[in-house]
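Enquirer: I need the structure of the sequence given here:
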Amino acid sequence: MDAFAALVDRKPATDTVILAANPDDAPKLTKARLAVARAETREQAARTPEAKAEAAGEVEDTRAAYDALKGDLATITFHMQGIGPHVVEEIMRAHPATKEQKATARKANNGAPGNSWNDDTFPPAMLSACVTRIVHSDDDVADVESIDIGQATAIWRSTGLPLGDKGTLFMTALGLDQRDSGVGDLGND
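Expert: Residues are numbered from 1 along each chain as shown. Below is the predicted model of the structure:
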């Protein structure tokens, strides 16, 4: 194989998005992670042996609380694979922004145009094209090997999926075919 073949035969980019199965668990985990970081900072700043011992105990307690929370956390993992920039463009053209969406975007952006795609249909289309597998950490819940447009639309419209999660899923799917794989000069021609 030569360098040209190695380039054109590369596998598509892949990524995963891991969501808490219960959306209320993610902030709890973040809060516990921050408590550990604060305790570690206090431990590093402690000046006396007594203060160091007290801080070390706090680190141990906060880590135990974080580990317990993490151990009980149920997750849903979305595995995604790039589909190629040309396919992304085809899907985008198949889901153009509506006149109302364009007008709303122009108003919100002081006259500048918004997205060229339909915010209601393009993200689910991207998810259905890019999601290769959905895994729930609970063994009693069956994995899903791919999703169709109906399932992706149901996910997108779900009231249990906050805007932040929607944005993360969509931007991950879209970003698979937009990200740079350059690593810079590694010093070995």
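
Enquirer: which parts of the longest helix along the chain are buried?
Expert: The single longest helix within the chain, with elements called by DSSP state H, is helix 49-72. Across helix 49-72, burial judged by 16 or more other CB atoms under 10 Å covers 55, 58, 59, 62, 66. C-beta: built from backbone N, CA, C; applies to glycine.

Enquirer: same question for stretch 87-97.
Expert: Quick answer for stretch 87-97 (16+ other CB under 10 Å): 88, 91, 92, 95, 97.

Enquirer: same for the host helix or strand of the third one, what does it pack against?
Expert: Put plainly, it is residue 92. Assigned by DSSP states H and E, residue 92 belongs to helix 85-94. In terms of contacts (3 or more CB pairs under 8 Å, 6 or more residues apart in numbering; DSSP states H and E), helix 85-94 is packed against helix 122-130.

Enquirer: now the helix it packs on and helix 85-94, what's the angle there?
Expert: With axes from the mean of the first three to the mean of the last three CA atoms, to 10 degrees as the basis, helix 122-130 and helix 85-94 are set at 150 degrees to each other.

Enquirer: begin at 382, not 1, for the rest of this chat.
Expert: I'll keep to 382 as the first residue from here, and by that count the last item is helix 503-511.

Enquirer: tell me where the model's unsure across the chain.
Expert: 570 (pLDDT under 70).

Enquirer: as a check, name the ranges of all helices in it.
Expert: Applying DSSP H to the chain gives helices spanning 384-389, 406-426, 430-453, 466-475, 480-489, 503-511, 530-538, 544-556.

Enquirer: quick one: the last one to chain centroid distance?
Expert: For helix 544-556, the distance from its own C-alpha centre to the chain's C-alpha centre is 6 Å (CA atoms, centre = their mean, to the nearest Å).

Enquirer: could you do stretch 556-570 as well?
Expert: Chain-centre distance of stretch 556-570: 21 Å, with CA atoms, centre = their mean.

Enquirer: can you tell me the distance between the two ends of stretch 522-530?
Expert: Stretch 522-530 has an end-to-end distance of 21 Å (criterion: CA to CA, to the nearest Å).

Enquirer: show me what it is in contact with.
Expert: 505, 506, 508, 509, 512, 513, 514, 515, 516, 517, 532, 536 (CB atoms under 8 Å, 6 or more residues apart in numbering).

Enquirer: ok, 10 Å please
Expert: Stretch 522-530 is contacted from outside by 402, 455, 457-460, 502, 505-506, 508-517, 532-536, using CB atoms under 10 Å, 6 or more residues apart in numbering.

Enquirer: mind listing what's buried in it?
Expert: Neighbour-count burial for stretch 522-530 [16+ other CB under 10 Å]: residue 528.

Enquirer: rewinding a little: which of the contacts of stretch 522-530 are buried? Put it as a PyMOL command.
Expert: Buried residues among these (16+ other CB under 10 Å), as a PyMOL selection:
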select buried, resi 457+459+460+502+505+506+508+509+510+511+512+513+515+516+532+533+534+536
